[in-house]
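Student: generate a structure from the sequence data that follows.
(2 chains)
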Amino acid sequence: MAKLFEAKKLSAFYGATQVLFDIDFAIDAGKITTILGANGAGKTTTLRALCQIVRTTGSMTLNTGAGDVQLVGKSTDAIVRMGVAHVPDGRGTFTTLSVEDNLKLGAYVRSDKDAVAKDMEHCFQLFPRLRERRTQQAGTLSGGEQQMLAISRALMLKPKLLLLDEPSFGLAPLIVAEIFRIMRQINVEDGVSMLLVEQNASLALNLAHHAYLLETGTVALSGPAEQIKNDESVRRAYLGY
Amino acid sequence: MEAFLYQITSGLANGIIYGSVALALVMIYQATHHINFAQGEMATFSTFIAWALINEAGWSYWAAFFFTVAVSFAGGLLVQRIVLKPIEKAPVLTNVIVFIGLLLIFNALSGMFFDHTIKAFDSPFPKDSALAGKYFSAHQLGSAGVLIVVLVALFAFFKYTSVGLAMRAAAQNPDSAKLVGIRVSWMLGLGWGLAAAIGAVAGMMVAPIVFLDPNMMAGILLYGFAGALLGGIDNPPAAVLGGLVVGVLENLLGAYVIGTELKLTVALVLIVGTLTLRPDGLFGKKVVTRV
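Tutor: Predicted structure coming up:
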């Protein structure tokens, strides 16, 4: 399996506080990888490290198609330009801008502006509700619609790698099911590789191909999602049965 | 009645200048939530550059005008890159002190290069014109026209260009702006450049009325600030409108109520009054969000 991304001995810090301790993980091209863990385990920090929003040490390489590129030390906007789209926790929509402007911003770094309109149409097909609300301020959308907008905005980059930070957070189960169904569709039909961070372990394990379990900043367990799902300690601690 | 109308029209004419200064303040406030106290002195310095080009280098007015606007834009950008970028994450008081430092520096630079004597600055608009009448001079009408052009150009820039959209995004949510690949720090630099360019326009429009000296903009900045606050400091057109209202109020109160000596008090009372009674300004929008 071709590796799209590989982190080696990755550590991350908030000021003097170390949050990740020498973790190793990889993302296979075309697959969904998930990072599970309790509050404070370092899941969100892992995504932030990948985009170089927090101070990191170690190595992270992204296969851009033209060889492996080291991400540690790059600026966030340079990493975005390589095709890494990040849907942050709390969704990070531009609340005072319209839905359409939010989507346009998702394609900000792309040079093929002609294709942008087509991709916006694709997003509206995935999430028809966004089409109805295209001129509305993003801040007036419901939580579920904002999550749809955040994912669509990330898709507008035509990402090689999509980072998703707790897309289920604070949403009704029906909306969560819809969003996860569409995430699978995006992965299967558009071939977008994903790194999914979730607290809802059963949701994530049903969607993902490969899983890592973080505990206090270290990788406690990793393997194919099927195998992790059947691991007794995971079942008891994270799946609750 | 005629005198009253005259007070209003000349108030509007002043208000145009205050509106331009307010607009410059809003440019930087929107992106950083800071008020640049040096805005007025930067504008004065720009105006001196235009004066030197016209009166000493012999340039035509409009060549000097556009060159000065371009130089001011570059200057504003440089000030942000060199002076403010290192303190981007510093507390607000640090920024305030730096702004006051910039104010003193630009004031001193104006005096050093162009000395402290009062200079006449010619208006580019003809003394007599068919459009100008009893209530408006040609210069007042011309200034209004220039400000409208600036406003329309800014509106088009923010509404229809991708850089304009990126600037709005960076101002609204810098963290997310970084995640779509916007160089947020450069957007702040652009904001400073735009503010300096608008300030230069305001300086060149006011200089023919008040004469040019290093302290020319000190009072005008206060009126501009009052206008920006009154209109709504997060809303460019409202800030311009606020500037117009301040101009008219200042003139009417000065003529009929408090006398011309106390005119500046109007600006100060408006600043304190707006901040205590209606901090969002008359037209500042309360942001609607659902959580």
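Student: need the contact partners of the lowest-mean-pLDDT helix or strand in chain A.
Tutor: Every helix and strand of chain A was ranked by mean pLDDT, DSSP states H and E. The lowest is helix A:232-234, at a mean of 81. Outside helix A:232-234, the residues that touch it by CB atoms under 8 Å, 6 or more residues apart in numbering or on different chains are A:36, A:201, A:213, A:221, A:228. C-betas here are computed from N, CA, C, even on glycine.
Student: drop anything exposed from the residues you listed.
Tutor: Those of the contacts of helix A:232-234 that meet the buried threshold are A:36, A:201, A:213, A:228, by 16 or more other CB atoms under 10 Å in any protein chain shown.
Student: now, these that are in helices?
Tutor: Among the buried ones among the contacts of helix A:232-234, the members falling in helices (DSSP state H) are A:201, A:228.
Student: which of the buried ones among the contacts of helix A:232-234 lies closest to chain B?
Tutor: Nearest to chain B out of the buried ones among the contacts of helix A:232-234 is A:Leu36 (CB to the nearest CB; 22.8 Å).
Student: which residues does the closest one form a beta bridge with?
Tutor: A:Glu198, A:Leu213 (DSSP bridges).
Student: domains of chain A?
Tutor: Annotated domains of chain A cover A:3-83+A:159-239, A:93-158 [automatic domain parsing].
Student: pick out the most distant pair among the contacts of helix A:232-234.
Tutor: Using CB to CB, the contacts of helix A:232-234 reach their maximum pairwise distance at A:Ala201 and A:Leu221, which is 11.7 Å.
Student: B:Ala238 against B:Val245, yeah?
Tutor: No - at 10.2 Å, B:Ala238 does not count as touching B:Val245 under the criterion of CB atoms under 8 Å.
Student: for A:Phe5, phi and psi?
Tutor: Per-residue torsions, A:Phe5: phi -150, psi 140 (degrees, to the nearest 10).
Student: distance of it relative to A:Met194?
Tutor: From A:Phe5 across to A:Met194, the span is 11 Å (CB to CB, to the nearest Å).
Student: overlap of the contact sets of these two?
Tutor: A:Leu161.
Student: the spatially closest residue to B:Ile87 that is not a sequence neighbour: what secondary structure?
Tutor: Spatial nearest neighbour of B:Ile87, excluding adjacent residues (CB to CB, 6 or more residues apart in numbering or on different chains): B:Thr94 at 5.4 Å. Of the three states, B:Thr94 takes helix under DSSP: H, G, I helix; E, B strand; the rest coil.
Student: surely B:Thr94 touches B:Leu84?
Tutor: No - counting by CB under 8 Å, B:Leu84 is not a contact partner of B:Thr94; they are 10.1 Å apart.
Student: who's more crowded, these two?
Tutor: Using other CB atoms under 10 Å in any protein chain shown, the more surrounded residue of B:Thr94 and B:Leu84 is B:Leu84, with 22 against 11.
Student: so what's the nearest residue to that one once chain neighbours are set aside up against?
Tutor: In space, and not counting its chain neighbours, B:Leu84 is closest to B:Val98: 6.8 Å by CB to CB, 6+ apart. Residues in contact with B:Val98, defined by CB under 8 Å, 6+ apart, are B:83-84, B:87.
Student: one more: A:Asp165?
Tutor: A:43-44, A:47, A:86-89, A:197.
Student: so which bits of chain B are right by chain A?
Tutor: By the rule CB under 8 Å from any CB of the partner chain, the part of chain B lying against chain A is B:162, B:165-166, B:168-169, B:172-173, B:175-183, B:287-290.
Student: now, these that are in helices?
Tutor: Short answer: the residues of chain B next to chain A in helices (DSSP H) are B:162, B:165-166, B:168-169, B:172, B:175-179.
Student: does A:Leu10 count as helix, strand or coil?
Tutor: Classification of A:Leu10 using three-state DSSP returns strand.
Student: of the contacts of B:Val98, which is the nearest to A:Asp101?
Tutor: Looking across the contacts of B:Val98 and measuring by CB to CB, the closest to A:Asp101 is B:Leu84, at 27.0 Å.
Student: and chain A, which residues reach chain B?
Tutor: A:51, A:53, A:76-77, A:80-81, A:85-86, A:88, A:92-97, A:101, A:104-106, A:108-109, A:137, A:139-143, A:153, A:157.
Student: so which of those residues belong to helices?
Tutor: Residues from these lying in helices, with DSSP H as the criterion: A:76-77, A:80-81, A:101, A:104-106, A:143, A:153.
Student: so which of those comes closest to B:Glu250?
Tutor: Using CB to CB, A:Asp101 comes nearest to B:Glu250 of those, at 37.9 Å.
Student: where exactly do the helices run in the stretch 51-200 of chain B?
Tutor: Taking DSSP state H, counting those that start in this stretch, the helices of the stretch 51-200 of chain B run over residues B:61-79, B:92-114, B:138-160, B:162-172, B:174-179, B:184-210.
Student: can you pull the buried residues of the third one?
Tutor: Buried residues in helix B:138-160, defined by neighbour count with 16+ other CB under 10 Å: B:138-144, B:146-147, B:150-151, B:154, B:158.
Student: turn those into a markdown table, columns for pLDDT.
Tutor: Putting those into a markdown table (pLDDT from 0 to 100) gives the following:
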| residue | pLDDT |
| --- | --- |
| B:Ala138 | 87 |
| B:His139 | 89 |
| B:Gln140 | 88 |
| B:Leu141 | 89 |
| B:Gly142 | 90 |
| B:Ser143 | 90 |
| B:Ala144 | 89 |
| B:Val146 | 93 |
| B:Leu147 | 88 |
| B:Val150 | 93 |
| B:Leu151 | 89 |
| B:Leu154 | 92 |
| B:Phe158 | 91 |
